[in-house]
Every structure is written in C-alpha cells, then in structure tokens.
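S.K.: output the structure for:
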Amino acid sequence: MIEIYENLEKSMLSIVDYKNILVIDNEEPLVPIIDDNNLTAKQRGEDMKEYTGDVVYVRQGTALRLGRAADLLVTVEPDIALNVTYGYRALQVQTKRFETVKRDLEMQFSGEELDMAAHRRVARPDVAGHPTGGAVDIQITRQGEAVDFGTRIGEFVPDTYTFSPYVSMEAMRNRMLLRTVMMAAGFAPFDGEWWHFSYGDKEWARYTKQPNAVYKQLNFGSSIFENTGEQE
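M.R.: From the prediction side, this is the model:
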C-alpha cells in the first residue's frame, strides 16, 4: 500500500518542475465569489477569516472560469453545485505556514532538502497557488452537503491523492466529475489533493504548457481588490 502511494506522489508535479517559470502578471483584481444556484463559497480557512471574514476571493479570471465549471456541472445533474471553501490566501499567511512547517522538519533536513520536504506539506510561498488568487479548494455538494469524495476536503491523508485506488467507486466517480468540469473550464488539477485546482499560477502554466504564469503572489492590501466597497 505504501509503495502505491509513493508511486502516485512521484507522478505529481513538484517544486522542481515549476519553480523557475516566468510570471507576467496581468494585474487582474481579486473579486468575491458571489453565491448563486450552482456555485457557492464560504471561507473555511481560519487564518484568512481575520482578513476577509467568510468571503472567498479569487482573481477575476478565476471567478469567470468557476462560473463556467458550475454551468457544466449542472448539465450532468441539475441538483448538484460547486462549493468553494478556499481561494486567495494572503502571502503573509502562506509564508507563516511554510516557516512553521520548516521549523518542525529542520531536525531531519537542511538546505534545499528542507525546502522540498516542507513544500510537500505546505507550498513554498514563491510557487504557491493560493496567494496568487488563482487556486481554489472546491467540492461538489447536493442540497448543501458534500457528496462522497472518499475523504473530507482539507483532510490530509494518503487517500486524498486523486487517484488513490482505495476509495470507493462512488468517491472516484465524484472526483473524476469534479476534475472533468474544472479542467474543461481551464483549470489545472493538483493530484495530491483531489479538491485543489488552479488557473494562472506557476503550476497551471507548467501543467498546461503555457509560456508563463499570469498571476503572481499577492500580499494582502486594498490595492489588490476590485473597487467594490468590500475592502478599504
């Protein structure tokens, strides 16, 4: 069983694959995800609630593609919806998370190996997708409740790997449905977490063979938000 998980991990993109990708930011603002019948959002990250409360923000282009994915989803089954639980994460928060993990691991690793080991648990800030506003944690819900994905969203166990062979057929069907509509809308998947998809960041650029990423990491501040009165 351990060997299967190890082989799955080896097949995933790592920091080595995309750390040197060029970023040419298109300066899209962060916008709030507005709930409708087939797309909802509520912040689950306690470390972001002090910044944005329960509102989930993403880049404008990401928001548009989420709408497309939600529209595709309801053509499969009209009573299901997409639910976003995390989007933009302040670069300050990402850095704090990463440094905390590094401290936990510095007795086992050092130098580049320490960065690599920490990155497997929390993305290194300079390549992380959430601080760009392009990455989302997302699930499918039915009548407000998550469908079966084999693990809960945000549950970090080996079976969160998208292609784990140890989840039920129903869970795998739901994972593949989510993956299909998100990729059709222009997102790149991260197969280490069935719920994580991104557009515009370095991982997306590498996965989709783009010449550059279009979103850089953003520190929290009023200038990065669309002028909607949400932030001051």
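S.K.: where do the strands sit along the chain?
M.R.: 30-32, 39-41, 57-59, 80-86, 135-142, 145-146, 188-189, 196-198 (DSSP state E).
S.K.: mind putting the ones you listed in a markdown table, mean pLDDT included?
M.R.: Compiled in a markdown table, the strands of the chain are given as follows (pLDDT from 0 to 100):
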| stretch | mean pLDDT |
| --- | --- |
| strand 30-32 | 97 |
| strand 39-41 | 97 |
| strand 57-59 | 98 |
| strand 80-86 | 97 |
| strand 135-142 | 98 |
| strand 145-146 | 96 |
| strand 188-189 | 97 |
| strand 196-198 | 98 |
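S.K.: any chance of those in JSON lines, with distance to Ser223 and mean neighbour count too?
M.R.: For every residue, glycine as well, the C-beta is placed using N, CA and C. JSON lines is the format used below for these (distance: least, C-beta to C-beta, whole Å; neighbours: other C-beta atoms under 10 Å):
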{"stretch": "strand 30-32", "distance to Ser223": "10", "mean neighbour count": "21"}
{"stretch": "strand 39-41", "distance to Ser223": "22", "mean neighbour count": "21"}
{"stretch": "strand 57-59", "distance to Ser223": "13", "mean neighbour count": "28"}
{"stretch": "strand 80-86", "distance to Ser223": "22", "mean neighbour count": "22"}
{"stretch": "strand 135-142", "distance to Ser223": "21", "mean neighbour count": "22"}
{"stretch": "strand 145-146", "distance to Ser223": "35", "mean neighbour count": "11"}
{"stretch": "strand 188-189", "distance to Ser223": "27", "mean neighbour count": "23"}
{"stretch": "strand 196-198", "distance to Ser223": "22", "mean neighbour count": "27"}
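S.K.: now the ones you listed as CSV including distance to Val16?
M.R.: Below are the strands of the chain laid out as CSV (distance: least, C-beta to C-beta, whole Å):
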stretch, distance to Val16
strand 30-32, 29
strand 39-41, 32
strand 57-59, 25
strand 80-86, 25
strand 135-142, 19
strand 145-146, 33
strand 188-189, 17
strand 196-198, 18
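S.K.: quick check: Arg89 touching Gly45?
M.R.: Yes - at 6.7 Å, Arg89 and Gly45 qualify as touching, with contact defined as C-beta atoms under 8 Å.
S.K.: show me which of the two is the more surrounded one.
M.R.: Neighbours per residue (other C-beta atoms under 10 Å) separate Arg89 from Gly45, with Arg89 holding more: 28 against 19.
S.K.: spatially nearest residue to that one, not counting backbone neighbours?
M.R.: His130 (3.7 Å; C-beta to C-beta, 6 or more residues apart in numbering).
S.K.: got the contact list for the lowest-mean-pLDDT helix or strand in the chain?
M.R.: Lowest on mean pLDDT, DSSP states H and E among the helices and strands of the chain sits helix 2-10, with a mean of 71. Identification of contacts with helix 2-10 by C-beta atoms under 8 Å, 6 or more residues apart in numbering yields Arg120, Pro158, Tyr161, Phe163, Ser164, Pro165, Asp191, Gly192.
S.K.: residues touching Gly134, list them.
M.R.: Val58, Arg59, Gly61, Thr62, Ser198, Tyr199, Gly200, Asp201, Trp204, Tyr215.
S.K.: quick check, the second one in contact with His130.
M.R.: So that's Arg59. No - contact between Arg59 and His130 fails when scored by C-beta under 8 Å: they sit 11.3 Å apart.
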